[in-house]
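>>> return atomic coordinates for the entry below.
(2 chains)
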There are 2 protein chains.
Amino acid sequence: MIGQVVDTNSAWMAQELNRIGVWMHHRVAIGDVKEEIVRALEEEGKRSHIVLITGGLGPTADDITKPVLNEYFGGKLVVNEEALERVKAIFKRINMPEIAMLERNLKQAEVPDVCTVIQNAKGTAPGMWFEKDGKVFVSMPGVPFEMKGMMTDYVLPHLQQQFTMPHIGHRTLLTAGIGESALAERIKDFEAALPDHFKLAYLPNFGMVRLRLTANGAVATQIEQELDIQFSALQAIIPDVTVVNEDIPMEELIGRLLLQKNATLATAESCTGGYIAHLLTSIAGSSDYFNGSVVSYSNRVKQEVLHVNKETLDTVGAVSEDTVKQMVTQVRQLLHTDYAIAVSGIMGPGGGTPDKPVGLVWIAVANAKQVVTKQFNFRFDRMRNIQLTATNALNLLRLLIVDNQS
Amino acid sequence: MIGQVVDTNSAWMAQELNRIGVWMHHRVAIGDVKEEIVRALEEEGKRSHIVLITGGLGPTADDITKPVLNEYFGGKLVVNEEALERVKAIFKRINMPEIAMLERNLKQAEVPDVCTVIQNAKGTAPGMWFEKDGKVFVSMPGVPFEMKGMMTDYVLPHLQQQFTMPHIGHRTLLTAGIGESALAERIKDFEAALPDHFKLAYLPNFGMVRLRLTANGAVATQIEQELDIQFSALQAIIPDVTVVNEDIPMEELIGRLLLQKNATLATAESCTGGYIAHLLTSIAGSSDYFNGSVVSYSNRVKQEVLHVNKETLDTVGAVSEDTVKQMVTQVRQLLHTDYAIAVSGIMGPGGGTPDKPVGLVWIAVANAKQVVTKQFNFRFDRMRNIQLTATNALNLLRLLIVDNQS
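Numbers count the residues shown, from 1 in each chain, chains lettered A, B, ... in the order given. So this is what the prediction gives:
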């Protein structure tokens, strides 16, 4: 609640719940304060059929969720043998024999006797499943990968058993090179004609807009069929700005396109400082098509590793069309790849000049036949300028690959 | 609410509010549904003095916040001339003359006549400041950098004028190499003896734990003095695991240490794929000490660019102490730096073998005199393994730099 941690759990949970037909309609964050926890249990229990709770199960003094839940549901704390064995096993594995610490952690194996225990395959704090007046309350650790394990292995399948769900279906289209308003204008007739059980959402991100079409109803096959028809109609309106008709990130699409062509990729990055390589390698299996990157943050590295002409750097400078052309050509040869990306720019906040202001970026993409360059002017903060440079570089590469296919 | 966007706004807002003495105690997320928006306005207006609202002000059909607010506060929509000029100026600048689209965007310059308009320096949707029964309601765009501009330029200073705030002070200590429970055990007497207006929070992140000490009270000087005393006492208990006694990320600390020594850094990254370079270059001014990186994702790049022996790769493999030693030595020479980091590992989900399972990582750090290597075994998913590798590599480098100072 004081903002030192960004909540990534909620988005993941909402996605997974949605997939099985549970509609998240209210999300609340509160501090580790007993009265607020009790009040949230009261209020959310009235509002929804299912209340999922994360966090506050750790071994430290500010973790009070378990005793508060125990009191709220009128139980008493008892040691759960299986949880105890798990705690002991984890401590044995990481060689932590201190007695005092073990006591604190052994307490994590205590659970209210009025809940069903959800074992934690990836940590020491077990989850708890309570039921009251036909409502389900589930308490899980806040550590993302522990929570995800419990949701996947236990919570989602048990919710599916206990409730009759409507079917919720989605189709997602990723667009690039068009703003939200212009996009809305182009598809407004389509949007206005959508049936009531359909919803269209605009999700702008890093200079691209995802369009998400959602429908819900009782009969899954019917919903999916209707979605296919509407989604085809949507795609037919905006083929020119469509990147991909699936909900995958640009870097995953690039990977697929390269694999299809059995082609490889390298990057030469100045202003993005390795971020494009990071995006590409965040995809499992990327070593099949991504050979590597030269992050040439200094001019000397540009000269000595990438063999950019000293004269070019001295005359037109590092942020120039000439420089990125040389960078892209050289890195493609140096790393023996079919395709390459090069970027150079001024990300800010410092480093701008009247001629070359913060936000100026040159991008080049290349294959054996062709080098394509493009200049951009971003007007955001450092991190967003880096992200936009990366996204636009990947999109330029995508266009080059696709053009070469046709 | 279906989880395709992670909310980063709330954390930033909470931090900024906290700084001026506003305590965020309740955070709610709801969908673009009129009834839910109205209900949230009712409930949150009862709960708090200040209700900050983000999102739903865009130009598309699912953006309904403005008309709902207008109705709730009993106003009528009128064109705000200054906002209109701003919309026109932005469209002129980005060369978007389409009439239909302009109409949609011009609507964004309409505001309820019962609010104070907050001009948007960075986008087309103005913010709105309403007051009702002594409570303040502020509506802002959901786009992070637009919201941040409005908060900084208008909302925070006006809240400070309107309310008498308590003083809230923080001190943060970053620790590494110790788990949350072990840390809690070492400082439990300190924690138990803290006065009632103090709070200690444990914030684990990427294998490190931040300890945040908070105090609040009426007199700022007194609170800050008390914090200094308690914070000194805390630091005295755990000097061995303390990374830094400020709330800055590891990569910023590394930058400071290098600048102090007038030293430079390079990285040779296999399994992290450029992520360490990205972290380092996310800090403004990093070009003063970071020369660049060779992301050697394929063995051929390890051999040809970093000159790792083919024999080493053939016999002990890329994920080995020998390989990272050669990588770190070579990249330090190739990029002419004082310090270097090299990493090689198996991030998963694929690529593991019985001998070298997923999560195995070798890290090396070096200067002119010394090469230090360390093996790690992480047991998480791909992204978390990458993050943990990066954090631990930076921490090893920190220890090498600090050792060389003493």
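>>> excluding chain neighbours, give the residue nearest to A:Gly3 in space.
The shortest distance from A:Gly3 to any non-neighbouring residue, by C-beta to C-beta, 6 or more residues apart in numbering or on different chains, is to B:Ala14 (3.2 Å). For glycine as for every other residue, the C-beta is placed from the backbone atoms N, C-alpha and C.
>>> contacting residues around that neighbour?
A:1-3, B:24, B:27 (C-beta atoms under 8 Å, 6 or more residues apart in numbering or on different chains).
>>> any figure for the gap between A:Tyr275 and A:Gln235?
Noted for A:Tyr275: a distance of 30 Å to A:Gln235, by C-beta to C-beta, to the nearest Å.
>>> the more surrounded of those two?
Higher neighbour count among A:Tyr275 and A:Gln235: A:Tyr275, with 27 against 14, using other C-beta atoms under 10 Å in any protein chain shown.
>>> which residues of the stretch 201-350 of chain A fall in strands?
A:208-217, A:242-244, A:265-269, A:290-296, A:339-345 (DSSP state E, counting those that start in this stretch).
>>> could you dump these to a markdown table with mean pLDDT, distance to chain B and mean neighbour count?
Shown next, in a markdown table, are the strands of the stretch 201-350 of chain A (pLDDT from 0 to 100; distance: least, C-beta to the nearest C-beta, whole Å; neighbours: other C-beta atoms under 10 Å in any protein chain shown):
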| stretch | mean pLDDT | distance to chain B | mean neighbour count |
| --- | --- | --- | --- |
| strand A:208-217 | 92 | 7 | 20 |
| strand A:242-244 | 95 | 15 | 19 |
| strand A:265-269 | 98 | 8 | 32 |
| strand A:290-296 | 98 | 4 | 30 |
| strand A:339-345 | 98 | 12 | 28 |
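>>> only C-alpha atoms, please: export stretch A:374-391 in CSV.
The C-alpha trace of stretch A:374-391 is given here as CSV (Å, rounded to 0.1, in the frame of the first residue of the first chain):
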residue,chain,number,x,y,z
LYS,A,374,13.6,4.6,-40.3
GLN,A,375,13.8,7.7,-38.1
PHE,A,376,11.6,8.1,-35.0
ASN,A,377,10.9,10.9,-32.6
PHE,A,378,9.6,9.7,-29.2
ARG,A,379,8.5,12.2,-26.6
PHE,A,380,8.4,10.1,-23.4
ASP,A,381,10.5,9.2,-20.4
ARG,A,382,13.6,7.1,-20.6
MET,A,383,12.1,3.7,-20.0
ARG,A,384,9.1,4.3,-22.3
ASN,A,385,11.4,5.6,-25.1
ILE,A,386,13.5,2.4,-24.7
GLN,A,387,10.4,0.2,-24.9
LEU,A,388,9.0,2.1,-27.9
THR,A,389,12.3,1.8,-29.7
ALA,A,390,12.3,-1.9,-29.1
THR,A,391,8.7,-2.4,-30.3
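>>> near chain B at all, that stretch?
Yes: counting by C-beta under 8 Å from any C-beta of the partner chain, chain B is contacted by stretch A:374-391 at A:380-384, A:386.
>>> PyMOL command for the buried members of the residues you listed?
A single PyMOL command suffices to select whichever of these are buried according to 16 or more other C-beta atoms under 10 Å in any protein chain shown:
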select buried, chain A and resi 380+381+382+384+386
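>>> need the residues of stretch A:374-391 next to chain B in JSON lines with secondary structure and pLDDT, can you?
Converted to JSON lines, the residues of stretch A:374-391 next to chain B look like this (DSSP: H, G, I helix; E, B strand; the rest coil; pLDDT from 0 to 100):
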{"residue": "A:Phe380", "secondary structure": "coil", "pLDDT": "82"}
{"residue": "A:Asp381", "secondary structure": "coil", "pLDDT": "86"}
{"residue": "A:Arg382", "secondary structure": "helix", "pLDDT": "93"}
{"residue": "A:Met383", "secondary structure": "helix", "pLDDT": "91"}
{"residue": "A:Arg384", "secondary structure": "helix", "pLDDT": "88"}
{"residue": "A:Ile386", "secondary structure": "helix", "pLDDT": "96"}
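>>> and the residues of stretch A:374-391 next to chain B, which is closest to A:Val331?
When the residues of stretch A:374-391 next to chain B are ranked by distance to A:Val331 (C-beta to C-beta), A:Ile386 comes first, at 18.8 Å.
>>> enumerate every residue touching that closest one.
A:271-273, A:275, A:347, B:281-282.
>>> neighbour-wise, which one of those residues leads?
The most neighbours of any of these, using other C-beta under 10 Å, belong to A:Thr272, which has 32 neighbours.
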